[in-house]
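Enquirer: I'll drop the sequence and a predicted model, then ask my questions.
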Amino acid sequence: MDLDYHALAPELVVAATILVVLGLDVALPRPRKYWTAFAGVLGLALAAVPLLTLAFGDGPETRSMLGGAYVVDGFALVLKAVFIVGGYLVLLMSVSYIESDRYYQGEYYLLMLTSILGSLVMASSRDLITLFVGLELVTGPLFLLAGWRKGDAKSNEASLKFFILGVLSTAILLYGMSFLYGLTGSVTFEGIREAGADLLDSGAFRLAVLFTLVGFGFKVTAVPFHFWAPDTYEGAPTPVTAYLSVGSKAAGFVGLLLLCYKALPSVTEIWGPALWVLAALSMTLGNLTALRQDNVVRMLAYSSIAQGGFILVPFAAAAVSNDPAVIQEAASATIVYVIIYAFMNLGAFGVVIAGARRTGSTMIDDWAGMWRYAPRLAVLGAMFFFSLAGIPPLAGWYAKFAMFLAILRPGNAWATALAVIAAVNAVIALVYYARIGKTMWMDHVPEGADTAGTVNPLTGSLALALGISALFVVVAGILPFEFAGVFADLAKVVTTGI
Amino acid sequence: MAWFESAGLSLIVFLPAAGALALFAVPKAREDAQKWVALLTTGLTAVLAVAVAANFNYGGSEKFQFEVSQSWIPAIGARYHIGVDGISLPLLVLSAVVTVLAVIYSWDHWDEPRNVRGFLALMLLLATGMNGTFVALDLVLFFIFFELVLLPMYFMIGIWGDSAKRRIPVLGRTVTMRLYAAIKFFLFTLFGSAFMLLGFLALYFRSGDFLGDNTFDIPTLIELGSRNAFGSGTFAFLVFGAMFLGFAVKVPMWPFHTWLPDAHTAAPTVGSVLLAAILLKLGSYAFLRISIPILPDMAREWAPFIGLLAVIGIIYGSLACLAQTDVKRLIAFSSVGHMGFVMLGIATMTDVGFNASLIGMVAHGLITGLLFFLAGSMHHRYHTREIARLGGNQKLMPWMGGIFAFTAMASLGLPGLAGFWGEFMSLLGAYRPLAGLSLSQFQTYMVIGAVGTVLTAGYMLWMLQRVNLGEPKAEWSDHEFHDVGPTEWLAWAPLIVAIVAIGVYPRIVLGATTDAVVNLARTAFGG
């Protein structure tokens, strides 16, 4: 087997970091376990280095291994960068959170890094088996992480729900994949694409496609496969929830992108309408339910379901058109949305972590009047939540804009109808996002709140994580160009060969 | 002055934003320094805006001047394209000048919870959004600036607004006005602009059919519009409708106006001033800049409908004013009526009507801005805005009463003052609308509008009588009232001068606009 070690370097660095963390965890005495956190953060930062040399070095643009099952190209690189930066931010948010808990630090970083490794594998996978292994590597550690607070019944519930539904979805996904293999005789996306064109009339093939979609539907928490998300999000430790709503969700979308655009471009008539429905339902139900939440984490859970719906919208555009330009634009809109969403949602969770530390509560009403005693946190809160709402000049607007651009391009009645649904939903979403801004800025501080507070919620690594996200949200909102150019290029990579 | 040609407008747009950032370099306790930063940046912005007006080539006011066009988001062909013509110039100057007056007025008028730095930063950010909207010549850029005003105004109303409680029958509960008004303003506008964006995108895609390349560029789209490229089919109908929703909410036209009385009444004084003077103009300006020139056939088709909503607004606004018991709310409702005249002018689709709407916008900005300043100052002194409790204001504060009377007269359209021209010319326009529009229909609108002017005079005079005249109520007998103070004089004097100047010499505005609107009517409707 000829392996391209340069291409594999990011994965190898992360894997090595995992081993180092494991070793340190065994070797170090209790009070010095925090070194595992340091090692994890450093290792993940190092993993970004080969990513840069791969992206800007002289090597070939596409490095293919294992008979085309594992490919490092522009698409894979950009998504790996997102996973690494996103994972890095989550680790930064975790440091003080995990330290303040009395649980095992070493294992936390071990599991988190393993999950990130899985997402790196997914970005490069070009056959069903690698895709599946990557996906399970992402999800497996998260079952454990969700139940991290062993003494907390809610955390246990979170883990159990997640596990049971996760396993169910895996089973459905695997079932679908086995049909795909059985009918097409191939596990590589290329093979499936070629063979799939002749199987359009096969009922079994249609069923197989739908099963795989359902499997991913669970992963990206699309309505009606979202039931696990709110309880799991609420019960899991907040940094884990942040990772769940960004990292593992993005991994799900990567899988969906690969499957729809690379493996099954010939059966748009099956997945197109299915994803249209999922998108419309996720946006609408996610938003309407989020309106009624009083806990900021649950609200973010439903909001991330709704955002997942927005991310699905461009798929419906790709499905109604044969024009490569439209399909490319749709793919790039999804990727742009995922990337911007990752930063603003991580930022929002960072604010939740800091706010919970400051007020001791994740109930929205307990945050009333926060600007009076924690003005910087209140500014960041307003920034990320309004960015999620898509208000210019914060980055969220460009994500929504790209999405609308993609869905309106085909000029198809169904696509336009979805655009109108999305527009109405963008307005509904403002109601609950603005509520956070309202509570923090316009309500009176509740009686008995500890406003003098000695805890500075924005310390060290958490402040760094929030700073990075905030910078991104502002800069990408005002100057999305560098950005948009990169994604337009990479969308071509995703859709080549269609 | 080459630098001024190329950078002048950008400075006008971004200086305030830079000032907002600079504010955060000033320590929180140094309130005076913060005020100076705000005053210097908005002052410089206003000077630059006036300099643009001074260097503007009035002979070619139909052409975009001080143009800058630079690559911005190449992936979608959106450009940083800005410029002014005769239509946008008066509004740009109005916006820059009113902002600096608002800063001056703020000098010693602070609503709770004070927080000078935060308030000024929001005001400056707002200025960037307002100035930017008037110079943007790219639909995406326009959209960004149009939306940029939302967040600052939302926070301004929600934080510094009126904390009075009020029962809202529709919701079935009692709400704090500032919170209710803030989110209502935000939601209404966002609802409109979400559809506006869909309309913009539809234009973008359709433009590719004619140019080969899709474009967001407004002048290019206007050029397409002058050839009627977008036609008068379903596509144009839907696009016009989507954009109409966005702009009509902002104006606001009846029946989308319900956010306005709440927002204007609940907002802090400066917020009300900026809302009334500038923000409302963003909507009516957008009709002239985007809807009409790009989709002229549809504009003609929608004109009777727009005219109808406009006259309903005039009558409705006036009747609502007659029923108000709160000075500020009365002024807020009067905006619905005045913007009705502006929209009636636009609905005639003639150069006279367009001119009427533009001078009406400027006049309304000056007059209603001043009225809100006055309402704020009176509230500051009486601690109430209840018309029934006021009275004899003229005796208690002669200067304040005098200015109030003057402004009310200007607002009701007294000849010789700025408010007259907008009303008069828009009625004149309605007498002879664009050929092809139903003459009898528009003449009916004209008659209804004329009735509206009478009603306007009615409620304004009645309010004046109750507030200004008569003997002061007993409850004020042992109160000490300070008449107009120095910062108030500084903030109001320019407005008073401008109201008189435009009243007696309307060419100050029309000189810039006439060629531009004539050109607009000609390219859009061929005559």
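Expert: Good, I have the coordinates.
Enquirer: near chain A, which residues of chain B?
Expert: B:71-76, B:113, B:140, B:143-144, B:147-148, B:150-151, B:154-155, B:158-159, B:178-179, B:182-183, B:186-187, B:190-191, B:194-195, B:197-198, B:201-202, B:204-205 (CB under 8 Å from any CB of the partner chain). For the C-beta atoms, the positions are set from N, CA and C on the backbone; glycine is no exception.
Enquirer: ok, now how distant is the closest residue to chain A within chain B from B:F216?
Expert: Nearest residue of chain B to chain A (CB to the nearest CB) works out as B:A75 at 3.6 Å. For B:A75, the distance to B:F216 equals 12 Å [CB to CB, to the nearest Å].
Enquirer: interface residues of chain A facing chain B?
Expert: Within chain A, the positions lying close to chain B (CB under 8 Å from any CB) are A:372, A:382, A:386, A:391-393, A:397, A:401, A:404-405, A:408-409, A:411, A:419-420, A:423-424, A:426-427, A:430-431, A:434, A:437-438, A:441-443, A:479-481, A:484-485, A:487-488.
Enquirer: neighbour count winner among B:A75 and B:F216?
Expert: A count of neighbours by other CB atoms under 10 Å in any protein chain shown puts B:F216 above the other of B:A75 and B:F216, at 25 against 21.
Enquirer: confidence score at the residue nearest to the more buried one when sequence neighbours are not counted?
Expert: Residue nearest to B:F216 in three dimensions, not counting chain neighbours: B:L139, with 4.2 Å by CB to CB, 6 or more residues apart in numbering or on different chains. With respect to pLDDT, B:L139 scores 94.
Enquirer: what does the one 4 residues further on give?
Expert: On the pLDDT scale, B:F143 is placed at 94.
Enquirer: what are the phi and psi angles of B:P506?
Expert: Backbone torsions for B:P506, taken as degrees, to the nearest 10, come to phi -60, psi -10.
Enquirer: My error: substitute B:A323 in the last question.
Expert: Dihedral pair for B:A323: phi -90, psi 0, per degrees, to the nearest 10.
Enquirer: what about it, neighbour count?
Expert: 10.
Enquirer: what's the answer for A:G308, then?
Expert: A:G308 has 29 neighbours, counted by other CB under 10 Å.
Enquirer: In the strand or helix carrying it, which residues are buried?
Expert: A:G308 belongs to helix A:296-319 when assigned by DSSP states H and E. For helix A:296-319, a neighbour-count test (16 or more other CB atoms under 10 Å in any protein chain shown) marks A:296-319 as buried.
Enquirer: same question, stretch B:8-28
Expert: The neighbour-count check on stretch B:8-28 (16+ other CB under 10 Å) flags B:8-13, B:15-17, B:19-20, B:22-23, B:26 as buried.
Enquirer: C-alpha coordinates for stretch B:46-56, CSV please?
Expert: This file holds the C-alpha atoms of stretch B:46-56, laid out as CSV (Å, rounded to 0.1, in the frame of the first residue of the first chain):
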residue,chain,number,x,y,z
ALA,B,46,-21.7,66.8,8.1
VAL,B,47,-19.0,69.2,6.8
LEU,B,48,-18.0,66.6,4.3
ALA,B,49,-21.6,66.1,3.2
VAL,B,50,-22.0,69.9,2.8
ALA,B,51,-18.7,69.9,0.9
VAL,B,52,-20.1,67.2,-1.4
ALA,B,53,-23.1,69.4,-2.0
ALA,B,54,-20.9,72.4,-2.7
ASN,B,55,-18.8,70.5,-5.2
PHE,B,56,-21.8,68.8,-6.8
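Enquirer: all strands in the stretch 1-150 of chain B, in order from the N-terminus.
Expert: Assigned by DSSP state E, counting those that start in this stretch, the strands in the stretch 1-150 of chain B fall at B:65-73, B:78-84.
Enquirer: Could you look over the ones you listed and pick the most buried one?
Expert: Mean neighbour count (mean count of other CB atoms under 10 Å in any protein chain shown) peaks for strand B:78-84 among those, with a mean of 23.
Enquirer: helices or strands up against it?
Expert: helix B:2-23, strand B:65-73, helix B:116-135, helix B:139-148 (3 or more CB pairs under 8 Å, 6 or more residues apart in numbering or on different chains; DSSP states H and E).
Enquirer: which stretches of chain B have low pLDDT?
Expert: Under the criterion pLDDT under 70, the flagged ranges of chain B are B:1, B:527.
Enquirer: Spell out the residue ranges of the strands in it.
Expert: Along chain B, the stretches classed as strands by DSSP state E are B:65-73, B:78-84, B:165-168, B:173-176.
Enquirer: now chain A
Expert: Ranges of strands in chain A, per DSSP E, are A:63-65, A:70-72.
Enquirer: Comparing these, which yields the minimum mean pLDDT?
Expert: Note on the strands of chain A: lowest mean pLDDT is at strand A:63-65, with a mean of 82.
Enquirer: What strands line up against it, and which way round?
Expert: Next to strand A:63-65 in the sheet, as set by DSSP bridges, lie strand A:70-72 (antiparallel).
Enquirer: what's the spacing between the strand it pairs with and its chain's center?
Expert: Centroid separation for strand A:70-72 versus its chain: 21 Å, with CA atoms, centre = their mean, to the nearest Å.
Enquirer: Which helix in the chain has the most residues?
Expert: Unless you meant another one, I'm taking chain A. Longest helix in chain A, counting residues (DSSP state H): helix A:324-359.
Enquirer: ah, I was thinking of chain B
Expert: If you go by DSSP H, chain B has its longest helix at helix B:177-211.
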